[in-house]
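Chemist: Sequence first, then the predicted structure, then my questions.
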Amino acid sequence: MYVTSVEIVRESNVDLEGACKVKVKYLLHKDVGAKRLQLRLFTLDVGGYTPLEKHAHEHEVFMLQGKALVKGGEQEVEVKAGNVIFIPSYEKHQFKNIGNEPVKFLCTKETSEE
């Protein structure tokens with residue numbers, strides 16, 4: 001078993017092309033024994049957004065704080081704390097902070113067993 005606290009997990013800036021004011025904490029990952037999934041905590045500062053991207057892995061997202069506009073395929077939906085979002089493989093998607101406080105959400109990512 002592995003137990004930690006979100007307060008002590010290192011936060012990193014997301015420096016991908018198309019990202020603005022985005023930070024991530026890798027809460028669970030292969031280095032702590034999670035072989036199939038990563039659990040990540042994202043923070044989008046006011047005015048921040050993730051890249052508009054698509055990829056092989058799907059996402060399961062739980063909104064913790066703030067208000068965001070989520071693009072998924074041809075849809076755009078406003079989401080807030082308590083909302084749950086599923087983004088299938090290869091669907092183009094993006095999160096944008098449209099509120100006046102940071103947006104925080106938990107997001108899973110499949111990892112390959114190596």
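Modeler: In hand now; what should we look at?
Chemist: Flag every buried residue along the longest strand along the chain.
Modeler: The longest strand of the chain (DSSP state E) is strand 37-49. Buried residues in strand 37-49, counted by 16 or more other Cβ atoms under 10 Å: 38, 40, 41, 42, 43, 44, 48, 49. Any C-beta I mention is one placed from the backbone N, CA and C, and that applies to glycine too.
Chemist: can you put the residues you listed in TSV and add distance to residue 14?
Modeler: What follows is the buried residues of strand 37-49, written out as TSV (distance: Cβ to Cβ, whole Å):
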residue	distance to residue 14
38	14
40	10
41	12
42	8
43	10
44	9
48	9
49	10
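Chemist: Please identify the one among those residues that lies nearest to residue 21.
Modeler: residue 48 (3.0 Å; Cβ to Cβ).
Chemist: Please enumerate the strands of this protein.
Modeler: Going by DSSP E, the chain shows strands at 11-13, 20-28, 37-49, 59-65, 67-72, 75-80, 84-87, 93-97, 103-110.
Chemist: what about those strands, which gets the closest to residue 2?
Modeler: Closest to residue 2 of the strands of the chain, according to Cβ to Cβ: strand 20-28, at 7.5 Å.
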